[in-house]
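>>> I need the structure of the sequence given here:
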Amino acid sequence: MAWLSLFAKAWALDSICFYYNKIDSVRELINYQRAVVESQYLSKKQLLTLKKATTKTYAYLSVGEIDGSVPSHLKKAVKTRNDGWKSSVMDVSNSEFQKYILDKAKELLDFGGNVT
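Sure thing, here's the model as predicted:
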């Protein structure tokens, strides 16, 4: 039975969850070593709670699609519509879209990096 205990510990250390919805409570997320979340649904207070619980939190950033409405300056970068996900598939070679993604990434880093 010692091997079962060792297996359970190894599994727990590699645990990860992906959460793409509104987060009412982080109680479920703190059971994981790592959590990938949609940043728009995570408050600074929730992020701080996860940090205190030593759950490494990562923001999901799609680099190929935009959910919902596309900003007007990016309309020319739309390749097609993904009706299944209600998103627009973007032309990743478009320089305006590349700038948009880099700006989004910086926003996410600033959000997560400023929580202490």
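>>> any idea what residue 56 is bridged to?
residue 34 (DSSP bridges).
>>> which segments of the protein make up each domain?
Domains of the chain are assigned by automatic domain parsing as 1-60, 64-116.
>>> format those as JSON lines; extra columns: mean pLDDT.
Shown next, in JSON lines, are these (pLDDT from 0 to 100):
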{"stretch": "domain 1-60", "mean pLDDT": "82"}
{"stretch": "domain 64-116", "mean pLDDT": "92"}
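>>> would you mind giving those as a markdown table with mean neighbour count added?
For the C-beta atoms, the positions are set from N, CA and C on the backbone; glycine is no exception. Output for those, formatted as a markdown table (neighbours: other CB atoms under 10 Å):
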| stretch | mean neighbour count |
| --- | --- |
| domain 1-60 | 13 |
| domain 64-116 | 13 |
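>>> so which elements touch the longest helix anywhere in the chain?
The longest helix of the chain (DSSP state H) is helix 95-113. Packing partners of helix 95-113 (3 or more CB pairs under 8 Å, 6 or more residues apart in numbering; DSSP states H and E): helix 44-52, strand 56-59.
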